[in-house]
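Participant: Next come a sequence and a model predicted from it.
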Amino acid sequence: MLTGDAARQRGRAADTAQVIPVAADVAARVVRAERSRILATLIRVTGSVDLAEDATQDAVVRALQTWPRDGVPDNPRGWLLVVARRRAVDMIRREAHRAGKEAEAVALLDPAPDSPEAVRDDLLRLVFTCCHPALSLDAQVALALRTLGGLATAEVARALVVPEATMAKRLTRAKQKITRAGIPYRIPAAEELPGRLAAVAATVYLIFNEGYAAGTGDDLMRVGLADEGLRLARLLVELMPDEPTVLGLLALLLLQDSRRLARVDDDGRPLLLTEQDRSRWDRAAITTGVALVGQALRRTPNDPDRYVVQAAIAACHALAPSYDQTPWDAVISWYDVLLTVHDTPVVRLNRAAAVAERDGPAAGLALVDAIDGLAGYPWFHATRGELLYRLHRSDEAAMAYRAALALDLNGPQAARLRDRLAEC
Amino acid sequence: MPTYIALTYTADVDWSSPEQADEMAEYREFGAAARAVIRGGSALYPTATATTVRVSGGKGGDVLTTDGPYAETKEALTGFYLLECADLDEAVATVAQMPAAWNGAVEVRPIIPL
């Protein structure tokens, strides 16, 4: 027996028998692709992130209700913009204090498809506003996932392992700061662009790493952050195809992600680069990543970019047929270049590990021991442990492994170090 | 255009003393260069001259005064500017030209027009 709702749905389906319905997931995909673009335009026109979000959400909900039944319109962006704009005008009219000119401005918004340049510029404005340095990194990540990634607040909260109420508050505060502090909705001028782009890249890289670090854990929402990071990096390349930083960022993410399937064994335990089955690396991702590294390097012959150089290092590993055939000279040279633009203790540690592979554990250990400021970083102690172990200094190796285990590590990583400790 | 207050936090110096003449000259230079956006501001006497006032028990209650600034910190509030700027980027660019930005720190806050 049909319930009332089902009966109504069946009746409606009969009414629209002549149109070709599309699968709900097709509609969802089109909506998702357009959502951030509609939002970006509406923020510019209304001057309010909140208002634009509500109006966009309204249009999205309507599209998801009607498109699977009536088919995706020829101009999905135009359709969504008309619905969102109408909703925005309604909301502005209801808010007495905003009435007047702003409602006119929204009403005047041309619902016809904008030029590709105008759409791109709106998205760029949104990118740079979400990643404005006056916002905390936490706020930037949350805003980017919410507005550019189109994730619901609950999804952002789950992905970042934060209670939903906390995430809602974080997003509200960030939007309030944008409005009240007057964070501009605009594309930075040429002279500020490098610095601002670095901030955008850092945010996207962090999003990717949050997911990548979760490995193949059970928490799919969290693992999905790696895909979100890749999606955002692709968007940046689409928007700024000539910027080495974004080319390098996408290359780096693709090359790291190419190892995703090979990173763990069948029991979900992490595998080191030495142990991974390279036939399981994603060749297509490597090819694209390496090509991007080349493009980016040609654009930065004299002033290296941090992400491009990191991607070049990742490319050295990705192209090596086996661990033993890794071109350590090239890897170490790239680390030397990286240190000229991004000198951090972790980069020094990674360089030391590469030197150990080329020149032996004693040479690596001398470099590791000269690094300051990593006492709280588990991989500093783990690397020392490994090198001491190779030098047959078992007691010291055991101490180093214990120091690593005393610090914050996830379950499988800790299990791995405990196995090594048992061998000392 | 929004108005911002720029609070300068620096070593707790006496701006009226001759030792600060050089830095005061730098501030005057900044003031001339940023004249277009500056709507007011002052240097403050050192925190030793500060009095912090509290009224206990609600309006009309006992007035309690303590000698010294509200918060004892390494860098003290030593001055402020009111800046009328197009947006936060312009305010930050302006503030980055104040000597306090390299001798200490400057907090920028939008003001609520009353």
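Facilitator: Alright, I've got the coordinates.
Participant: So which bits of chain B are right by chain A?
Facilitator: By the rule C-beta under 8 Å from any C-beta of the partner chain, the part of chain B lying against chain A is B:2, B:4, B:85, B:86, B:87, B:88, B:89, B:91, B:92, B:108, B:109, B:110. Bear in mind the C-beta positions are built from the backbone N, C-alpha and C, glycine included.
Participant: Tell me which other helices or strands the helix or strand hosting residue A:199 touches.
Facilitator: Here residue A:199, judged by DSSP states H and E, is contained in helix A:193-213. With contacts taken as 3 or more C-beta pairs under 8 Å, 6 or more residues apart in numbering or on different chains; DSSP states H and E, helix A:193-213 sits against helix A:116-130, helix A:137-143, helix A:220-239, helix A:244-257, helix A:306-319.
Participant: how distant is the shortest one from the center of its chain?
Facilitator: Meaning helix A:137-143. 11 Å (C-alpha atoms, centre = their mean, to the nearest Å).
Participant: again, but for the first one
Facilitator: Distance, stretch centre to chain centre, for helix A:116-130: 17 Å (C-alpha atoms, centre = their mean).
Participant: how about the strands in chain B?
Facilitator: Along chain B, counting by DSSP state E, strands occupy B:3-10, B:38-43, B:51-56, B:62-67, B:76-84, B:105-110.
Participant: what lines up beside the first one in the sheet?
Facilitator: Taking DSSP bridges as the criterion, strand B:3-10 forms sheet pairs with strand B:76-84 (antiparallel), strand B:105-110 (antiparallel).
Participant: Buried residues, the longest one. List them.
Facilitator: This points to strand B:76-84. Buried residues in strand B:76-84, counting neighbours by 16 or more other C-beta atoms under 10 Å in any protein chain shown, are found at B:76, B:77, B:78, B:79, B:80, B:81, B:83, B:84.
Participant: The first one reaches residue B:9, doesn't it?
Facilitator: Put plainly, it is residue B:76. Yes. Shown here, residue B:76 and residue B:9 form a contact pair, counting by C-beta atoms under 8 Å, at 6.6 Å.
Participant: near chain B, which residues of chain A?
Facilitator: Residues of chain A lying near chain B (C-beta under 8 Å from any C-beta): A:132, A:134, A:180, A:181, A:182, A:183, A:184.
Participant: For whichever residue of chain B sits closest to chain A, give me phi and psi.
Facilitator: As assessed by C-beta to the nearest C-beta, chain A sits closest to residue B:87 within chain B, at 3.9 Å. With angles defined as degrees, to the nearest 10, residue B:87 sits at phi -160, psi -180.
Participant: Contacts only, for it.
Facilitator: Residues near residue B:87 by C-beta atoms under 8 Å, 6 or more residues apart in numbering or on different chains: A:182, A:183, A:184, B:2.
Participant: For the second one, grab the count of nearby residues.
Facilitator: Okay, so that is residue A:183. Residues within reach of residue A:183, counting by other C-beta atoms under 10 Å in any protein chain shown, total 22.
Participant: Would you check that it makes contact with residue A:131?
Facilitator: No. The pair residue A:183 / residue A:131 is not scored as a contact, 10.7 Å apart, by C-beta under 8 Å.
Participant: In terms of pLDDT, where does residue B:73 sit?
Facilitator: On pLDDT, residue B:73 comes in at 87.
Participant: Nearest residue to it in space, please, no chain neighbours.
Facilitator: Nearest residue to residue B:73, sequence neighbours excluded (C-beta to C-beta, 6 or more residues apart in numbering or on different chains): residue B:9, at 7.6 Å.
Participant: Closest residue of chain A to chain B?
Facilitator: Relative to chain B, the nearest point of chain A is residue A:184 (3.9 Å; C-beta to the nearest C-beta).
Participant: quick one on the thing from earlier: buried stuff in the helix holding residue A:199?
Facilitator: Buried residues in helix A:193-213, counted by 16+ other C-beta under 10 Å: A:193, A:196-208, A:210-212.
Participant: Mind listing residues that contact that helix?
Facilitator: A:127-128, A:130-133, A:137, A:140-141, A:144-145, A:159-160, A:188, A:222-230, A:232-233, A:236, A:240, A:243, A:245-246, A:249, A:252-253, A:256-257, A:260, A:306-307, A:410.
Participant: for stretch A:313-330, same thing?
Facilitator: A:251-252, A:255-256, A:258-259, A:273-274, A:278, A:281, A:286, A:289-290, A:293, A:331, A:334-335, A:338, A:354-355, A:357-358.
Participant: what ranges of chain A fall below the confidence cut-off?
Facilitator: For chain A, the stretches with pLDDT under 70 are A:1-22, A:96-113, A:214-221.
Participant: Could you break it into its assigned domains?
Facilitator: According to automatic domain parsing, chain A comprises the domains A:20-114, A:116-182+A:191-240, A:360-424.
Participant: Among the contacts of helix A:193-213, name the buried ones.
Facilitator: A:127-128, A:130-133, A:140-141, A:144-145, A:159-160, A:188, A:222-226, A:228-230, A:232-233, A:236, A:240, A:243, A:245-246, A:249, A:252-253, A:256-257, A:260, A:306-307.
Participant: mind putting the helices and strands packed on helix A:193-213 in JSON lines, distance to residue A:372 included?
Facilitator: Shown next, in JSON lines, are these (distance: least, C-beta to C-beta, whole Å):
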{"stretch": "helix A:116-130", "distance to residue A:372": "35"}
{"stretch": "helix A:137-143", "distance to residue A:372": "24"}
{"stretch": "helix A:220-239", "distance to residue A:372": "31"}
{"stretch": "helix A:244-257", "distance to residue A:372": "26"}
{"stretch": "helix A:306-319", "distance to residue A:372": "21"}
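Participant: ok, now which ones touch residue A:231?
Facilitator: Contacts of residue A:231 (C-beta under 8 Å, 6+ apart): residue A:149.
Participant: Please report the distance of it from residue A:77.
Facilitator: Separation of residue A:231 from residue A:77 (C-beta to C-beta, to the nearest Å) stands at 18 Å.
Participant: Residue B:7 too?
Facilitator: 45 Å.
Participant: Residue A:349 too?
Facilitator: From residue A:349 over to residue A:77 the distance is 47 Å, taken as C-beta to C-beta.
Participant: And for residue A:163?
Facilitator: To residue A:77, residue A:163 is 35 Å away according to C-beta to C-beta.
Participant: ok, these two, which is more surrounded?
Facilitator: The neighbour comparison of residue A:163 against residue A:77 (other C-beta under 10 Å) goes to residue A:77, with 19 against 10.
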